[in-house]
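Colleague: need a structure here:
(one chain, ligands or ions: 2)
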Amino acid sequence: MKKILVTGGAGYIGSHTCVELLNAGREIIIIDNFSNSKPKTLDNIKKITNKDFKFYEGDYTNRETLEEIFKNNDIDAVINFAGYKAVGESVQKPLEYYINNVTGALTLLDVMKKYNVKKFIFSSSATIYGNPGTTKYVESMEIKRGTSPYGTTKSMIEIILDDLYKSDNTWNIVSLRYFNPVGAHSSGIIGEEPQGIPNNLMPYIQKVASGSLSELSVFGDDYDTPDGTGVRDYIHVVDLAKGHLLALNKLDTSDNGLYIYNLGTGTGYSVLDIVKTFEKVNNIKIPYKIVERRPGDLACYYADPTKAREELGFKTEKTLEDICRDSWNYQKNILNSD
Ligand code: NAD
Ligand code: UFG
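Modeller: Ligands and ions are numbered 1, 2, ... in the order given. From the prediction side, this is the model:
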């Protein structure tokens, strides 16, 4: 069977996607340099699925490493998760972000072209919509420059993919625009484990719940939203992972094309909705204080998920309760295994 190459497969979304791919009977190869993940995750993917796979420890920006993989394996498609993703850090280190994300994707695509592998799935982000002055994001809206170098890497790669497909329509590409991925696998052994103090809401809440941080700072309660706090479309990572399987099926069964889909639930929840649901399902108090707005944050946005539903059959199954329960379950497991 031809294999699916997964770059960044040891990471948060990549590991959950590898589980879904293996459970669906796909054969995979992972490349990761562990810049933001741990080798143990690979063992845990095997433990959950009871399946094995080939792994290359290496940098996907390195042409020789990629050439070795493509030369020695029969690859059908590539899912590209590898990249840096911290918005704030990208402002401090733009070159590192452009090199890792954009040069990495370019090198990967160029090697794919050389080996005539032209099915590609890209991890894009809702950040490419910029600040469009509306709350419900539809794929037909214009791609904007990101609000950070990180965001701009995603916009740039989407534009590159557009040019690539226009130049050669034997490519078959899906770009998936994720909204806010959260939660963890129900086994509790893979999930998101940020290094240092988390920037994102759910990992921060997890650390407050575990007692390693004392309280959550809620960034502003004066937005034009029902309770004044920011509203986002939080999607369970397992639902998101399943979206990649559907995207692969699309590449297997459709005419060549450049397909773009939002992966979100279509529902927005506020910061306080998340805090209250986390407290209720896990029976834990999350102390919080209201502080200034975080620069660059938008008040409210969520996905229009219609296109993914109609063309991929994508539908989220997990609830906000599942998200909060699974996030805490994973955090407890990390604490117990330390
Ligand atoms: P992650 O950091 O957990 O996973 C990325 C993986 O790629 C890590 O295992 C890291 O070690 C690896 N990696 C990074 N640079 C590499 C390189 N040069 N060579 C080989 N491996 C490398 O991130 P994630 O949350 O799983 O995100 C996956 C993708 O989805 C990223 O491209 C990210 O930008 C995108 N995305 C994430 C979110 C989110 O909120 N998590 C939202 C939208 C888009
Ligand atoms: N928030 C807090 N306190 C925190 C962290 C976050 O109140 O400690 C609030 C934010 O103000 C926002 C909401 O929680 O209203 C969600 O914030 P996150 O940082 O979890 O997520 P963002 O929506 O800001 O970030 C996401 C993705 C990025 C992407 C960015 C821009 O994680 O990858 O959207 O689209 F670049």
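Colleague: near ligand 2, which residues of the stretch 51-200 of the chain are found?
Modeller: Counting by Cβ under 6 Å from any ligand atom, the stretch 51-200 of the chain comes close to ligand 2 at Lys85, Val87, Ser125, Ala126, Thr127, Tyr150, Gly151, Asn180, Asn199, Asn200. Quick note: C-beta positions are derived from backbone N, CA and C, even for glycine.
Colleague: near ligand 1 too, which of those?
Modeller: Lys85, Ser125.
Colleague: reformat the residues of the stretch 51-200 of the chain next to ligand 2 as JSON lines; add pLDDT.
Modeller: Formatted as JSON lines, these follow (pLDDT from 0 to 100):
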{"residue": "Lys85", "pLDDT": "97"}
{"residue": "Val87", "pLDDT": "94"}
{"residue": "Ser125", "pLDDT": "98"}
{"residue": "Ala126", "pLDDT": "97"}
{"residue": "Thr127", "pLDDT": "96"}
{"residue": "Tyr150", "pLDDT": "97"}
{"residue": "Gly151", "pLDDT": "97"}
{"residue": "Asn180", "pLDDT": "98"}
{"residue": "Asn199", "pLDDT": "93"}
{"residue": "Asn200", "pLDDT": "96"}
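Colleague: and the two most separated of the residues of the stretch 51-200 of the chain next to ligand 2?
Modeller: Using Cβ to Cβ, these span at most 16.0 Å, a distance reached by Ala126 and Asn199.
Colleague: more neighbours, these two?
Modeller: Counted by other Cβ atoms under 10 Å, Ala126 and Asn199 do not tie: Ala126 has more neighbours, with 22 against 14.
Colleague: that one and Gly268 touch, don't they?
Modeller: No: contact status for Ala126 versus Gly268: not in contact, 11.7 Å apart, counting by Cβ atoms under 8 Å.
Colleague: anything in contact with each of those two?
Modeller: Common contacts of Ala126 and Gly268, defined by Cβ atoms under 8 Å, 6 or more residues apart in numbering, comprise Asp233, Tyr301.
Colleague: quick one: terminal-to-terminal distance for stretch 302-315?
Modeller: Its start and end residues considered, stretch 302-315 measures 15 Å (Cα to Cα, to the nearest Å).
Colleague: mind checking if that stretch is in reach of ligand 1?
Modeller: No: if you take Cβ under 6 Å from any ligand atom as the test, stretch 302-315 misses ligand 1, and the best it gets is 11.8 Å.
Colleague: what about that stretch, average pLDDT?
Modeller: Per-region confidence: stretch 302-315 scores 98 on mean pLDDT.
Colleague: and stretch 140-148, by the same measure?
Modeller: 94.
Colleague: residues from the stretch 201-338 of the chain in reach of ligand 2?
Modeller: Leu201, Tyr204, Leu216, Ser217, Val218, Phe219, Gly230, Arg232, Val271, Arg294, Asp297.
Colleague: any idea which of the residues you listed is closest to ligand 2?
Modeller: Nearest to ligand 2 out of those is Gly230 (Cβ to the nearest ligand atom; 2.2 Å).
Colleague: list the buried residues in the helix or strand Ile48 falls within.
Modeller: Assigning secondary structure by DSSP states H and E places Ile48 in helix 40-49. Using 16 or more other Cβ atoms under 10 Å as the test for burial, helix 40-49 gives Thr41, Leu42, Asn44, Ile45, Ile48, Thr49.
Colleague: phi, psi for the residue in the stretch 151-300 of the chain that ligand 1 sits nearest to please.
Modeller: When scored by Cβ to the nearest ligand atom, the stretch 151-300 of the chain has Tyr178 as its residue closest to ligand 1, at 3.8 Å. With angles defined as degrees, to the nearest 10, Tyr178 sits at phi -80, psi 150.
Colleague: and for it, the neighbour number?
Modeller: Residues near Tyr178, counting by other Cβ under 10 Å, number 22.
Colleague: show me what contacts it?
Modeller: Ile13, Ser123, Ser124, Ser125, Ala126, Ile235, Leu240, Leu263, Gly264.
Colleague: minimum distance to ligand 1, which residue of the chain gives it?
Modeller: Closest point on the chain to ligand 1, by Cβ to the nearest ligand atom, is Gly11, at 2.0 Å.
Colleague: who's in contact with the closest residue to that residue other than its chain neighbours?
Modeller: Once flanking residues are discounted, Gly11 sits nearest to Ser37: 4.8 Å by Cβ to Cβ, 6 or more residues apart in numbering. When contacts are counted by Cβ under 8 Å, 6+ apart, Ser37 touches Gly8, Ala10, Gly11, Tyr12, Ser15.
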